[in-house]
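> Have a look at this prediction, sequence included:
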Amino acid sequence: MSFPTDIFTEQNADPDTLANLGPLRRLAGIWESHAGVDINPKENGPERREFSERIELQPIDAQANGPQLFYGLRYHTHILASDEDATFHDQTGYWLWEPATGLVLQTLSIPRGQVAIAAGHAKADDTQLVLTAQRGQTEYGICSTAFLEYAFRTDSYRIVVVFNPDGSWSYVLETVLMVRGRAEPFLHRDRNTLVKVAAPTPNPLMLRRAAARTTA
């Protein structure tokens, strides 16, 4: 991967994030589903759980690392298992798109002491995204608490997103775990198909400009 000699000069960013999200444009909005399936490890073997899910993905203002320019979505995922009221899974992070290179990133943080950055590449009109992260990588890697490293070590993360012709989107998420006391790795898998229930809100800069036009 080559980088420019000038690491300080920033590009001119378009204020309209929604117009510059490339393949991520199809993710923008609020989505729900009641058809999710989770396969997770338990003491007596794999457990299958059905779940409902709500994901909010809202555009943020363009972000720059010197000449590197990202357009992106901030997201929050909330999941409830079908048989209980307490939160089954909560996750926050960003989906980011670098138009100059086709780099797609997903950052994720879960409130059990784990964060990760997954990466892939795509074209603006692609109907599928594939992103991966590996434990031990300093670029696109996985970082966990000492207990998770001891008991449920995550060695890899892979998410495949498919944009469906009807406007919905589906994902299959796979994490490979080494569970303490088990000789073989465990493939932890989640899958779901989500339907849009609300349109996205424009990014903050676009909202400020719209407000300024209204009061002018």
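Done, it's in. Numbers count the residues shown, from 1 in each chain.

> Now do the biggest helix by length in the chain: which elements does it pack against?
Counting by DSSP state H, the longest helix found in the chain is helix 204-215. Applying 3 or more CB pairs under 8 Å, 6 or more residues apart in numbering; DSSP states H and E, we find helix 204-215 packed against strand 45-65. Heads up, the C-betas are built off the backbone N, CA and C, glycines and all.

> Following the strand it packs on in sequence, what is the next regular element?
strand 68-81 (DSSP states H and E).

> Do I have it right that H188 meets K42?
No: using CB atoms under 8 Å, H188 makes no contact with K42, being 11.2 Å away.

> ok so, going back, can you list contacts of the longest helix of the chain?
For helix 204-215, contacts defined as CB atoms under 8 Å, 6 or more residues apart in numbering pick out 15-18, 60-61, 201-202.

> quick one: it to chain centroid distance?
28 Å (CA atoms, centre = their mean, to the nearest Å).

> What mean pLDDT does that helix get?
What helix 204-215 shows for mean pLDDT is 92.

> quick one, that helix and strand 45-65 angle?
60 degrees (axes from the mean of the first three to the mean of the last three CA atoms, to 10 degrees).

> Just the CA atoms of helix 204-215, as PDB, please.
The C-alpha trace of helix 204-215 is given here as PDB (Å, rounded to 0.1, in the frame of the first residue of the first chain):
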ATOM      1  CA  PRO A 204     -24.700  17.700  11.200                       C
ATOM      2  CA  LEU A 205     -23.100  20.000   8.700                       C
ATOM      3  CA  MET A 206     -26.000  19.600   6.200                       C
ATOM      4  CA  LEU A 207     -28.500  20.200   9.000                       C
ATOM      5  CA  ARG A 208     -26.600  23.400  10.100                       C
ATOM      6  CA  ARG A 209     -26.600  24.700   6.500                       C
ATOM      7  CA  ALA A 210     -30.300  23.900   6.100                       C
ATOM      8  CA  ALA A 211     -31.100  25.800   9.300                       C
ATOM      9  CA  ALA A 212     -29.000  28.700   8.100                       C
ATOM     10  CA  ARG A 213     -31.000  28.900   4.900                       C
ATOM     11  CA  THR A 214     -34.300  28.900   6.800                       C
ATOM     12  CA  THR A 215     -33.300  31.800   9.100                       C
END
